[in-house]
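Enquirer: Sharing a sequence plus its predicted fold:
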Amino acid sequence: DNVNPPGASNANPDAQASQTVNYKNQNSINIDQSVPLINQFINSTTHLLNQFSDLYESKIFEIDHYLDDIEATLSIYEEKMNSLPQNLFDNLQVDYQKAVMPTTVNLNQHNEQMNMTGDTTMMMSMMSPV
(Lines give C-alpha, C1' and ligand atoms only; values in the text may rest on other atoms or scores of the structure.)
Protein backbone atom coordinates (compact mmCIF):
# COMPACT_ATOMS: atom_id res chain seq x y z
CA ASP A 1 0.00 0.00 0.00
CA ASN A 2 3.01 2.29 -0.24
CA VAL A 3 2.48 4.98 -2.85
CA ASN A 4 4.93 7.46 -4.31
CA PRO A 5 4.51 10.95 -2.93
CA PRO A 6 3.62 13.64 -5.44
CA GLY A 7 6.69 14.78 -7.39
CA ALA A 8 8.68 11.60 -6.72
CA SER A 9 10.83 10.49 -9.64
CA ASN A 10 10.32 7.12 -11.33
CA ALA A 11 13.80 7.24 -12.92
CA ASN A 12 15.72 5.48 -10.14
CA PRO A 13 13.92 2.50 -8.50
CA ASP A 14 16.34 2.41 -5.53
CA ALA A 15 15.75 6.08 -4.75
CA GLN A 16 12.02 5.53 -5.25
CA ALA A 17 11.94 2.79 -2.60
CA SER A 18 13.48 5.12 -0.03
CA GLN A 19 10.97 7.92 -0.84
CA THR A 20 7.73 5.95 -0.43
CA VAL A 21 5.22 7.22 2.10
CA ASN A 22 2.72 5.17 4.03
CA TYR A 23 -0.40 7.32 3.81
CA LYS A 24 -2.12 5.30 6.52
CA ASN A 25 0.19 7.01 9.01
CA GLN A 26 -0.54 10.52 7.69
CA ASN A 27 -3.11 12.86 9.19
CA SER A 28 -6.19 13.61 7.14
CA ILE A 29 -6.68 16.98 5.49
CA ASN A 30 -8.51 19.46 7.69
CA ILE A 31 -12.10 19.78 6.44
CA ASP A 32 -12.10 23.51 7.24
CA GLN A 33 -9.37 23.92 4.60
CA SER A 34 -10.72 21.53 1.95
CA VAL A 35 -14.40 22.56 1.86
CA PRO A 36 -13.76 26.18 0.76
CA LEU A 37 -11.39 24.95 -1.96
CA ILE A 38 -13.92 22.43 -3.24
CA ASN A 39 -16.70 25.06 -3.12
CA GLN A 40 -14.53 27.53 -5.05
CA PHE A 41 -13.78 24.87 -7.68
CA ILE A 42 -17.47 23.98 -8.06
CA ASN A 43 -18.44 27.65 -8.22
CA SER A 44 -15.86 28.57 -10.87
CA THR A 45 -16.60 25.45 -12.93
CA THR A 46 -20.35 26.16 -12.82
CA HIS A 47 -19.73 29.77 -13.84
CA LEU A 48 -17.57 28.65 -16.78
CA LEU A 49 -20.15 26.11 -17.96
CA ASN A 50 -22.96 28.67 -17.67
CA GLN A 51 -20.99 31.20 -19.75
CA PHE A 52 -20.24 28.51 -22.33
CA SER A 53 -23.86 27.41 -22.60
CA ASP A 54 -25.13 31.02 -22.78
CA LEU A 55 -22.69 31.88 -25.56
CA TYR A 56 -23.51 28.88 -27.71
CA GLU A 57 -27.22 29.10 -27.02
CA SER A 58 -27.17 32.64 -28.40
CA LYS A 59 -25.15 31.49 -31.43
CA ILE A 60 -27.62 28.68 -32.09
CA PHE A 61 -30.49 31.18 -31.76
CA GLU A 62 -28.81 33.47 -34.34
CA ILE A 63 -28.30 30.56 -36.73
CA ASP A 64 -31.93 29.52 -36.28
CA HIS A 65 -33.01 33.09 -37.07
CA TYR A 66 -30.91 33.13 -40.25
CA LEU A 67 -32.25 29.72 -41.27
CA ASP A 68 -35.79 31.05 -40.85
CA ASP A 69 -34.88 33.97 -43.11
CA ILE A 70 -33.42 31.59 -45.69
CA GLU A 71 -36.53 29.40 -45.57
CA ALA A 72 -38.74 32.45 -46.12
CA THR A 73 -36.61 33.63 -49.04
CA LEU A 74 -36.61 30.14 -50.52
CA SER A 75 -40.40 29.92 -50.34
CA ILE A 76 -40.64 33.30 -52.12
CA TYR A 77 -38.30 32.03 -54.86
CA GLU A 78 -40.31 28.81 -55.15
CA GLU A 79 -43.52 30.79 -55.59
CA LYS A 80 -41.87 33.00 -58.22
CA MET A 81 -40.65 29.89 -60.07
CA ASN A 82 -44.10 28.27 -59.87
CA SER A 83 -45.69 31.40 -61.34
CA LEU A 84 -43.57 31.12 -64.54
CA PRO A 85 -44.95 29.27 -67.56
CA GLN A 86 -44.05 25.57 -67.59
CA ASN A 87 -42.51 25.60 -71.08
CA LEU A 88 -40.17 28.52 -70.32
CA PHE A 89 -37.28 26.26 -69.37
CA ASP A 90 -37.78 23.51 -71.98
CA ASN A 91 -34.89 24.63 -74.18
CA LEU A 92 -32.63 25.88 -71.39
CA GLN A 93 -29.02 24.68 -71.52
CA VAL A 94 -26.60 25.33 -68.68
CA ASP A 95 -22.81 25.34 -69.05
CA TYR A 96 -21.80 23.97 -65.64
CA GLN A 97 -18.11 24.77 -66.22
CA LYS A 98 -18.93 28.47 -66.37
CA ALA A 99 -21.35 28.37 -63.47
CA VAL A 100 -20.33 30.65 -60.62
CA MET A 101 -20.27 29.58 -56.99
CA PRO A 102 -22.45 31.91 -54.89
CA THR A 103 -20.49 34.58 -53.08
CA THR A 104 -21.57 37.51 -50.99
CA VAL A 105 -21.21 39.84 -54.00
CA ASN A 106 -23.21 37.52 -56.30
CA LEU A 107 -25.97 37.09 -53.72
CA ASN A 108 -26.20 40.85 -53.11
CA GLN A 109 -26.34 41.56 -56.86
CA HIS A 110 -28.97 38.87 -57.31
CA ASN A 111 -31.08 40.26 -54.46
CA GLU A 112 -30.85 43.75 -55.97
CA GLN A 113 -32.00 42.40 -59.34
CA MET A 114 -34.90 40.56 -57.74
CA ASN A 115 -35.81 43.64 -55.62
CA MET A 116 -35.06 41.69 -52.48
CA THR A 117 -33.77 43.39 -49.37
CA GLY A 118 -31.51 41.99 -46.71
CA ASP A 119 -27.84 41.71 -46.00
CA THR A 120 -26.32 38.45 -47.20
CA THR A 121 -22.90 39.23 -45.75
CA MET A 122 -24.09 38.18 -42.29
CA MET A 123 -25.58 35.01 -43.74
CA MET A 124 -22.34 34.19 -45.55
CA SER A 125 -20.29 34.87 -42.40
CA MET A 126 -22.54 32.49 -40.45
CA MET A 127 -21.99 29.81 -43.10
CA SER A 128 -18.19 30.14 -43.14
CA PRO A 129 -16.15 27.96 -40.77
CA VAL A 130 -14.78 29.64 -37.66
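Expert: Thanks, I have it.
Enquirer: Against which helices or strands is the strand or helix carrying residue 72 packed?
Expert: Using DSSP states H and E, residue 72 maps to helix 31-83. In terms of contacts (3 or more CB pairs under 8 Å, 6 or more residues apart in numbering; DSSP states H and E), helix 31-83 is packed against helix 120-127. All C-beta atoms are positioned from the backbone trio N, CA, C, and that covers glycine.
Enquirer: Quick one: mean pLDDT for the helix it packs on?
Expert: Regarding helix 120-127, the rounded mean pLDDT is 49.
Enquirer: just stretch 20-36 next, same as before
Expert: On average, the pLDDT along stretch 20-36 is 85.
Enquirer: Name the residues of that stretch that come out as buried.
Expert: Neighbour-count burial for stretch 20-36, counted by 16 or more other CB atoms under 10 Å, picks out no residue.
Enquirer: distance between the ends of it?
Expert: 30 Å (CA to CA, to the nearest Å).
Enquirer: Pass me the low-pLDDT residue ranges in the protein, would you?
Expert: Counting by pLDDT under 70, the chain shows low-confidence ranges at 1-18, 97, 99-130.
Enquirer: Doesn't residue 98 belong to a strand?
Expert: No - counting by DSSP: H, G, I helix; E, B strand; the rest coil, residue 98 is not found in a strand; it is coil.
Enquirer: Report how many residues lie close to it.
Expert: By other CB atoms under 10 Å, 6 other residues sit near residue 98.
Enquirer: cool, residue 66 as well?
Expert: Using other CB under 10 Å, residue 66 has 15 neighbouring residues.
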